[in-house]
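Visitor: Below are the sequence and a predicted model for it; my questions follow.
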Amino acid sequence: MKQKLHILPIIILSQFACTSTWFAGNAIIESLTKKLDLGPDIISYVISSVQFGFIIGTLIFGVLMIADRFSPAKVFMICAFLASISNLALIYPQLSINSLLITRFSTGFFLAGIYPVGMKIAADYYEKGLGKALGYLVGALVLGTAFPFLIKGSPLANHPDSVIKLTSGITALGGLSLFLLVPNGPFRVASTTLNLNAGPVLFKNFEFKKAAFGYFGHMWELYAFWAFTPVAIQWFAIQTGNHISVSLWSGIVIALGGVSCAYGGILSERLSSKRVALIALLASGFLCLISPLLFLLPKYLFLATWCIWGIAVTADSPQFSNLIASSVSSELKGTALTLVNCIGFALTIISIQLLGILQTIIPTPFLFIPLAIGPLLALYYLLIKKKRIPSI
């Protein structure tokens, strides 16, 4: 028990530090736009490049069963170092559009050895109470995602390069800390052979398939909401004539999701992971549908409602991960989490690009309505009966 008490905080802090590179490019998007002389469509390309890299990374890591065959702490550290270097390339003076997309892609690729591997490490330590542990862990991911925006909106960021240097530095430190301080967990069962058929086998498991499809619906909404929250806040500020720090409030909205992940994990011990996910999906789906009305609210009520959305949109994420991890055998947990992440993040590219296209066609207040598709589908799969669930 003593080991668990100090292990989880280290995993949480390392996860927070290493995922800070995820939205680092988006936090300095204005600087990148000026440097490369590009328009607002760069937003969707920058984040989609990270997502695409993450998808390819998780696909390779999952098919090769990296997290289950090798020490997950060592995989985590190596990927943290490489993600740090990739992120640091953003401050290269001769950065071009091609090198920008490549550096963002490589950052996403190495994040595939951080986020799902961090969850795998937690699963190796927590046979019981995994929903609570993953709540803290995914909360750390969310805070890490918000961190670049919070830096940008604070006096610490006197130059866009400082955001990149700081996130790269703590990423390397986080990877090293986890490797040195977190040994292999007591419930880790290493896979000794490579099974290229693991993915299809997993999707024959009803409970796994049900949780996975619910997670896919959740992911349709999540990253597109995060990516376009600065757009929504900026549009509101311009149209209403209010002075709002877009970076600071975007960071706050995303960071509050980290708090809801942690609280949702605690709540799951009383209500179950499924019920917490259902509540979160109902709330975020409702806000998607009424989103145009939010832009008619007064300044602080608009910001408060957007913060509530930021809370609801993430609370179900660790609970889906718990449902996924709990539905498979110990030697396949890492592969299951990695493959589901791969497919889920592939969907985020579609929803992000969709909003990027719609941004040029429809008014901003109507931009978020299509995201309701995700929560509605996730609710359907969580509540569906076994005989009716479709196969893939």
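Guide: Cool, the structure landed. Numbers count the residues shown, from 1 in each chain.

Visitor: Pull the contacting residues for Ser84.
Guide: Contact analysis of Ser84 by C-beta atoms under 8 Å, 6 or more residues apart in numbering lists Thr21, Ser168, Gly169, Thr171, Ala172, Gly175. Every C-beta, even on glycine, is put in place using the N, C-alpha and C of the backbone.

Visitor: For the stretch 251-392 of the chain, which segments are assigned as helices?
Guide: With DSSP state H, counting those that start in this stretch as the criterion, the stretch 251-392 of the chain has helices at 273-289, 291-294, 299-315, 317-326, 333-358, 373-383.

Visitor: Which strands or helices does the fourth one pack on?
Guide: If you count contacts as 3 or more C-beta pairs under 8 Å, 6 or more residues apart in numbering; DSSP states H and E, helix 317-326 packs onto helix 115-125, helix 130-152, helix 206-240, helix 246-271, helix 273-289, helix 333-358.

Visitor: Quick check: which of these is nearest to Pro183?
Guide: Shortest separation from Pro183 across those is recorded for helix 115-125, at 9.8 Å, computed as C-beta to C-beta.

Visitor: Tell me the spacing between Cys307 and Leu32.
Guide: Going from Cys307 to Leu32 by C-beta to C-beta, to the nearest Å gives 27 Å.

Visitor: Tell me which of those two has more neighbours.
Guide: Neighbours were counted for Cys307 and for Leu32 using other C-beta atoms under 10 Å; Leu32 has more, 21 against 17.

Visitor: which element is the more buried one on?
Guide: Leu32 belongs to helix 29-36 when assigned by DSSP states H and E.

Visitor: Next, the angle from that helix to helix 206-240.
Guide: 80 degrees (axes from the mean of the first three to the mean of the last three C-alpha atoms, to 10 degrees).

Visitor: Once you drop chain neighbours, what's closest to Ser291?
Guide: Spatial nearest neighbour of Ser291, excluding adjacent residues (C-beta to C-beta, 6 or more residues apart in numbering): Phe368 at 4.1 Å.

Visitor: Quick check, that neighbour in contact with Leu289.
Guide: No. In this structure, Phe368 is not within contact of Leu289 by C-beta atoms under 8 Å, at 9.2 Å.

Visitor: So, low pLDDT: which residues of this structure?
Guide: Low-confidence segments of the chain (pLDDT under 70): 1-5, 38-41, 43-44, 127, 129, 156-158, 185-200, 331, 334, 385-392.

Visitor: list the contacts for the most far-flung residue of it relative to its centre?
Guide: Distance from the centre of the chain peaks at Gly241, with 32.2 Å (C-alpha atoms, centre = their mean). Not one residue lies near Gly241 by C-beta under 8 Å, 6+ apart.

Visitor: Distance of it relative to Tyr300?
Guide: In terms of C-beta to C-beta, Gly241 sits 15 Å off from Tyr300.

Visitor: that older thread, could you redo the helices of the stretch 251-392 of the chain as JSON lines and give each row distance to Cys79?
Guide: Listed next are the helices of the stretch 251-392 of the chain as JSON lines, based on distance: least, C-beta to C-beta, whole Å:
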{"stretch": "helix 273-289", "distance to Cys79": "27"}
{"stretch": "helix 291-294", "distance to Cys79": "36"}
{"stretch": "helix 299-315", "distance to Cys79": "23"}
{"stretch": "helix 317-326", "distance to Cys79": "18"}
{"stretch": "helix 333-358", "distance to Cys79": "12"}
{"stretch": "helix 373-383", "distance to Cys79": "28"}
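
Visitor: Indicate which one of those helices is closest to Ile11.
Guide: Per C-beta to C-beta, nearest to Ile11 of these: helix 317-326, 13.0 Å.

Visitor: picking up where we left off before, out of Phe368 and Leu289, which sits in the busier spot?
Guide: Neighbours were counted for Phe368 and for Leu289 using other C-beta under 10 Å; Phe368 has more, 26 against 15.

Visitor: gap between the more buried one and Ser247?
Guide: According to C-beta to C-beta, Phe368 stands 20 Å off from Ser247.

Visitor: Give me the neighbour count for Gln239.
Guide: Residues near Gln239, counting by other C-beta under 10 Å, number 12.

Visitor: got it, and Ile343?
Guide: Residues lying near Ile343 (other C-beta under 10 Å) number 20.

Visitor: What of Tyr45?
Guide: 17.

Visitor: show me the contacts for the nearest residue to Pro230 once chain neighbours are set aside.
Guide: Distances taken as C-beta to C-beta, 6+ apart put Ser250 closest to Pro230, at 4.5 Å, once the chain neighbours are dropped. If you count contacts by C-beta under 8 Å, 6+ apart, Ser250 has them with Ala146, Phe149, Gly153, Thr229, Pro230, Ile233.

Visitor: pretty sure the fifth one is touching Val246, no?
Guide: Yes. If you go by C-beta under 8 Å, Pro230 and Val246 touch, sitting 5.2 Å apart.

Visitor: Go through the helices of the stretch 251-392 of the chain and name the closest to Asp68.
Guide: Closest of the helices of the stretch 251-392 of the chain to Asp68 is helix 333-358, at 4.3 Å (criterion: C-beta to C-beta).

Visitor: was I right about Gly264 contacting Arg275?
Guide: No. With contact defined as C-beta under 8 Å, Gly264 does not count as touching Arg275 (10.2 Å).
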